[in-house]
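Novice: Provide a 3D model corresponding to the input given below.
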Amino acid sequence: MKRISPPIETETTPSQPVRSTPVSGHCLLGLVKAMRLHHWVKNGVIFAAPIFGEQLSPDVFIRVLFAFMVFSLTASGVYLLNDVMDRHADRAHPKKCKRPIASGVVPVPVAAATGFVLILGSLLASYALSPLLLLCMLAYLVIQIGYNLGLKRRAIMDIFCISGGFVLRAMAGSAAVGIMPSDWFILCVGFLSLYLAIEKRKAELNALGGSGQTRQVLQVYSLPWLNKMEGIITAAILMTYTLWTIEGAQTSWMMLTIPFVLYGLFKYQYLVETGEGEAPEATLLKTPLLFINIILWATTVILVLLFT
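Specialist: Numbers count the residues shown, from 1 in each chain. Sure, this is the predicted structure:
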């Protein structure tokens, strides 16, 4: 009689529960990380328009704070969907490969569903505060959709998409309190956002040694060309801001803020040259002098508005 040997256990049996175990804990932490809460600091520009419009009442602050939270949650939803679409390219990046979605910590369906919920909920909340705020949010989403669907691979257009997001953040602050931002304010914010976008691409190219392996658009850019654009946009920022303090501001005492702008621009360029700048929000939080400079600039602006 033949002996019937016991079935051989395969390696797939014990491996299945191992994958499902960390999903509940690590997935939640990874999801919060993928939302990039530290990126919310970029939405601080929402407070700029009410400050320059001298709208400093508690009611205005609450409305702007609500707009800040709504815009931040929308941005987090966009980040989740963007990471879902870029997960394959991110795996080839020396730093981005560790992102929760690219590394597989957060499943793609979970990230996509969370992103849609955050965006839809934020749109409804923004409409409850102001229809104009909803328009800013929709315009921001249109830019982000176009960016993720192909504009991020188009030279120069990708830079305008990044900068457009900052401009719409500033407009959202105005829409939240129902004030019309001045032309000077829009120009200053627009040029500054272009500056940050150019520095971001320059930092990414520096990090990859000028090869542009992980972003298709980086294969088109070169450091000499970005340096030229950097010089042009830096001059535009300084000229526009200086003219605003002289001609557009309510008092010439606003010229006291020019040194802070100069230091901030030059310090950020120095940081990019030394290997920082891929993430503006991280660079700001990791550089105490730059953060203090922004605080001093904002404090000076408020004091000038209050006492002149």
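Novice: span of stretch 275-283 from start to end?
Specialist: The first and final residues of stretch 275-283 sit 10 Å from each other (C-alpha to C-alpha, to the nearest Å).
Novice: only alpha carbons, please: show stretch 70-82 as PDB.
Specialist: Extracted C-alpha coordinates of stretch 70-82, given in PDB (Å, rounded to 0.1, in the frame of the first residue of the first chain):
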ATOM      1  CA  VAL A  70     -10.900  74.100   4.300                       C
ATOM      2  CA  PHE A  71      -8.100  74.900   1.800                       C
ATOM      3  CA  SER A  72      -5.600  72.800   3.800                       C
ATOM      4  CA  LEU A  73      -8.000  69.800   3.800                       C
ATOM      5  CA  THR A  74      -8.500  70.200   0.000                       C
ATOM      6  CA  ALA A  75      -4.700  70.400  -0.500                       C
ATOM      7  CA  SER A  76      -4.300  67.200   1.500                       C
ATOM      8  CA  GLY A  77      -6.900  65.500  -0.600                       C
ATOM      9  CA  VAL A  78      -5.000  66.600  -3.800                       C
ATOM     10  CA  TYR A  79      -1.700  65.300  -2.300                       C
ATOM     11  CA  LEU A  80      -3.300  61.900  -1.700                       C
ATOM     12  CA  LEU A  81      -4.600  61.600  -5.300                       C
ATOM     13  CA  ASN A  82      -1.300  63.000  -6.700                       C
END
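Novice: can you tell me what sits against that stretch?
Specialist: Applying C-beta atoms under 8 Å, 6 or more residues apart in numbering, the external contacts of stretch 70-82 come out as 31, 34-37, 39-40, 42-43, 46, 101, 111-112, 114-119, 121-123, 125-126, 129, 133, 137, 140-141, 144, 148, 169, 172. Heads up, the C-betas are built off the backbone N, CA and C, glycines and all.
Novice: drop anything exposed from those residues.
Specialist: 31, 34-36, 39-40, 42-43, 46, 101, 111-112, 114-115, 118-119, 122-123, 125-126, 129, 133, 137, 140-141, 144, 148, 169, 172 (16 or more other C-beta atoms under 10 Å).
Novice: touching, residue 179 and residue 50? I think so.
Specialist: Yes: distance between residue 179 and residue 50: 6.9 Å, which falls inside the contact criterion (C-beta atoms under 8 Å).
Novice: distance of the nearest residue to residue 242 once chain neighbours are set aside from residue 285?
Specialist: Closest residue to residue 242 apart from its sequence neighbours, by C-beta to C-beta, 6 or more residues apart in numbering: residue 258 at 6.0 Å. Here residue 258 is placed at a distance of 25 Å from residue 285 (C-beta to C-beta, to the nearest Å).
Novice: tell me the mean pLDDT over the host helix or strand of residue 172?
Specialist: Assigned by DSSP states H and E, residue 172 falls within helix 157-177. The average pLDDT within helix 157-177 is 90.
Novice: elements contacting it?
Specialist: helix 48-52, helix 58-85, helix 131-149, helix 183-207 (3 or more C-beta pairs under 8 Å, 6 or more residues apart in numbering; DSSP states H and E).
Novice: turn these into JSON lines, including distance to residue 249 and mean pLDDT.
Specialist: As requested, the helices and strands packed on helix 157-177 are arranged in JSON lines below (distance: least, C-beta to C-beta, whole Å; pLDDT from 0 to 100):
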{"stretch": "helix 48-52", "distance to residue 249": "9", "mean pLDDT": "78"}
{"stretch": "helix 58-85", "distance to residue 249": "20", "mean pLDDT": "89"}
{"stretch": "helix 131-149", "distance to residue 249": "25", "mean pLDDT": "91"}
{"stretch": "helix 183-207", "distance to residue 249": "8", "mean pLDDT": "89"}
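Novice: closest one to residue 246 among these?
Specialist: Shortest distance between residue 246 and the helices and strands packed on helix 157-177, using C-beta to C-beta, is found for helix 183-207: 10.5 Å.
Novice: now the closest one against helix 157-177, angle please.
Specialist: Counting by axes from the mean of the first three to the mean of the last three C-alpha atoms, to 10 degrees, helix 183-207 lies at 140 degrees to helix 157-177.
Novice: helix or strand right after helix 183-207?
Specialist: Beyond helix 183-207 on the C-terminal side, the first helix or strand identified by DSSP H and E is helix 223-243.
Novice: show residues contacting that next one.
Specialist: Defining contact as C-beta under 8 Å, 6+ apart, one finds that helix 223-243 is touched by 184, 187-188, 191-192, 194-195, 198-199, 201-202, 205-206, 210, 255, 258, 261-262, 265, 269.
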